[in-house]
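K.L.:
what's the 3D shape of this:
(chains A and B)
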Amino acid sequence: MSATDLLHELRWRGLIHQCTDENALAKLLSQPQTVYIGFDPTATSLHVGSMMQLMLLRRFQRAGHRPIALVGGATGMIGDPTGKSEERNLLSEEQLQANIAGVARQMRAFLDFEGPRPALLLNNFDWMHDFSYLNFLRDVGKNFPIGAMLGKESIRSRLDSEAGLSYTEFSYMLLQAYDFVHLAQQHGCRIQAGGSDQWGNITAGIDLGRRMLGESLFGLTAPLLLTSDGKKMGKTEKGAIWLDPARTSPYAFFQYWRTVEDADVMRCIAYLTEITRDEYLELEQQVTADPGRCAAQQRLAEWLTEFVHGRQGLQSAQRATQIFFGGEIETWSDRELGEIFEDVPSVVLDRQTLEGDGLWIVEAFQKSGLTASNGEARRTIKEGGAYVNNRRVNAENQRLSPVDLAGETMMVLRRGKKKYAILRFQ
RNA sequence: GGGGGGUUGCCCGAGUGGUUAAAGGGGGCGGAUUGUAAAUCCGCUGGCUUAGCCUACAUAGGUUCGAAUCCUAUACCCCCCA
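P.N.:
Numbers count the residues shown, from 1 in each chain, chains lettered A, B, ... in the order given. Here you go, the predicted model:
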């Protein structure tokens, strides 16, 4: 892929929000370059908010450039005030190490660390930790006119707010700017990309590069991934959607994308996947023609789930989906059921209760927590809203016996369309 | 300090001695329809071992064959006068 191809691709995907000197950048990219994006190691896992940035690096790498994923071990100790309304809690050093290790593992799915132009994973703590305060002030600080800093949106908005801004956070920009200069010197990295909220920090680095190295550096920002009603993508009431399957099951991950609003789905495809322009246009047409089929959502969910969780992850998500939307449950193993229903509340009962006369269905629902009382359980059954292993319960005097187990020890109860509970008999 | 009004189920709100487990609405829950959307339509909405029983209309007592409805006391809320 040539430089013009890459820029063309970024443009049709809508990934270029702002960039410095576009013509010069195009020229620069005709030769293999090194590009960097910074990531905040705030947790042991990345969430979907970082995916766009990782995909962006990946696009550069596939076009023949070398990506650097920079984890902010040093900057993470300070906290970027950009877009934050309050002073951030500082992370401990051990926590940071754990976070960086976790994040690094996940990045392997996105970037090639082996090939001819391997991606680099760097930690700015490595060059910041023995940089003395005095030297930093002499070499870096003196290149920052306070006036220009105060002019930055991220600083100004915080100064105007009640929360204010500590000196530490104020200095954050110098650290990130210096990272860029350091990478330019050590790795010949002349391009920094990031989300549009990083523009101020990126240009600070460009300015510093000119002053310290007399070199022209370049910046490129992508739009933020927001929903059509202006919220950050990847957040649910329950919290962020993580890439770590232990935090967000492949099924939950799949479902998040499967249920993206029509108004947002095409943007997600453009920003987050490598689905081609031809297919993109086709999907776009299908969304307009027949939104009910959710063709775009389906494709988005499949693509991303497979990309992040592998073929296995996608399959388990699809199996779970099939079950969650009514497929009958038989011949499953406890292990599979456990994975599929991992977010579903479960109750452990004595195996004995299934023997003899068995367990009264009303009591089973009451114990599962799906109904608050036996009366409510009876009512639900009468209304046709009670299911065992996705088969509707017809009689309120039904009794459950070992025959009704779906796995070795598990039984799946459901109330209404989506509320599940697991009974384990041990 | 004096006078008046109120307190009903998750919420709002009818009900002033007898099919009142309590009208109506909202919410919630099911079902149908649908696109795993929205809207719509229908049903349910105190508990239990459910042809029955128990508990419920601020709280505690009382009158009565029978009370959410009448009486007494208590608590809380609102209004008017000083």
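K.L.:
what's the single longest helix in chain A?
P.N.:
The longest helix of chain A (DSSP state H) is helix A:295-324.
K.L.:
what helices or strands is it leaning on?
P.N.:
Using 3 or more C-beta pairs under 8 Å, 6 or more residues apart in numbering; DSSP states H and E, the elements in contact with helix A:295-324 are helix A:250-258, helix A:262-272, helix A:277-289, helix A:334-340. C-beta: built from backbone N, CA, C; applies to glycine.
K.L.:
tell me which of these sits most buried.
P.N.:
The highest mean neighbour count among the helices and strands packed on helix A:295-324, using mean count of other C-beta atoms under 10 Å, belongs to helix A:250-258: a mean of 23.
K.L.:
wait, does that one contact RNA strand B?
P.N.:
Yes: Helix A:250-258 lies within reach of RNA strand B by C-beta under 7 Å from any atom of the strand, at A:Q255, A:R258.
K.L.:
give me the distance between that helix and the centre of its chain.
P.N.:
Put simply, helix A:250-258 sits 11 Å off its chain's centre (C-alpha atoms, centre = their mean, to the nearest Å).
K.L.:
list of residues touching it?
P.N.:
A:48, A:234, A:236, A:241, A:243, A:245, A:248, A:268, A:294, A:297-298, A:300-302, A:304-305, A:308-309, A:313-314, A:316-318, A:320-321, A:324, A:340, A:342-343 (C-beta atoms under 8 Å, 6 or more residues apart in numbering).
K.L.:
near RNA strand B, which residues of chain A?
P.N.:
For chain A, the residues in contact with RNA strand B (C-beta under 7 Å from any atom of the strand) are A:255, A:258-259, A:262, A:291-294, A:297, A:321, A:325, A:362, A:366, A:372-376, A:378-380, A:383-385, A:415-417, A:419.
K.L.:
OK, contacts around the residue nearest the centre of chain A?
P.N.:
When C-alpha atoms, centre = their mean is applied to chain A, the residue found nearest the centroid is A:V48 (1.3 Å). By C-beta under 8 Å, 6+ apart, the residues touching A:V48 are A:L225, A:M233, A:G234, A:A240, A:I241, A:W242, A:L243, A:Y256, A:L272.
K.L.:
thinking again about what came up before, for the longest helix of chain A, which positions count as buried?
P.N.:
Burial within helix A:295-324, assessed by neighbour count using 16 or more other C-beta atoms under 10 Å, is assigned to A:295-297, A:299-309, A:313-314, A:316-321, A:323-324.
K.L.:
and the strands in the stretch 51-200 of chain A?
P.N.:
A:66-71, A:120-123, A:191-195 (DSSP state E, counting those that start in this stretch).
K.L.:
can you redo these as JSON lines with mean neighbour count, mean pLDDT and distance to A:A24?
P.N.:
Shown next, in JSON lines, are those (neighbours: other C-beta atoms under 10 Å; pLDDT from 0 to 100; distance: least, C-beta to C-beta, whole Å):
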{"stretch": "strand A:66-71", "mean neighbour count": "24", "mean pLDDT": "95", "distance to A:A24": "19"}
{"stretch": "strand A:120-123", "mean neighbour count": "19", "mean pLDDT": "94", "distance to A:A24": "24"}
{"stretch": "strand A:191-195", "mean neighbour count": "25", "mean pLDDT": "96", "distance to A:A24": "11"}
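K.L.:
same list (those) but as a markdown table, adding distance to A:G102.
P.N.:
Shown next, in a markdown table, are those (distance: least, C-beta to C-beta, whole Å):
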| stretch | distance to A:G102 |
| --- | --- |
| strand A:66-71 | 10 |
| strand A:120-123 | 12 |
| strand A:191-195 | 21 |
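K.L.:
the ones you listed: which one's closest to A:E93?
P.N.:
For those, the distance to A:E93 is smallest for strand A:120-123, at 11.8 Å, taking C-beta to C-beta.
K.L.:
packing partners for that closest one?
P.N.:
Contact partners of strand A:120-123 among helices and strands, from 3+ C-beta pairs under 8 Å, 6+ apart: strand A:66-71, helix A:93-107.
K.L.:
now that strand, how far from the centre of its chain.
P.N.:
20 Å.
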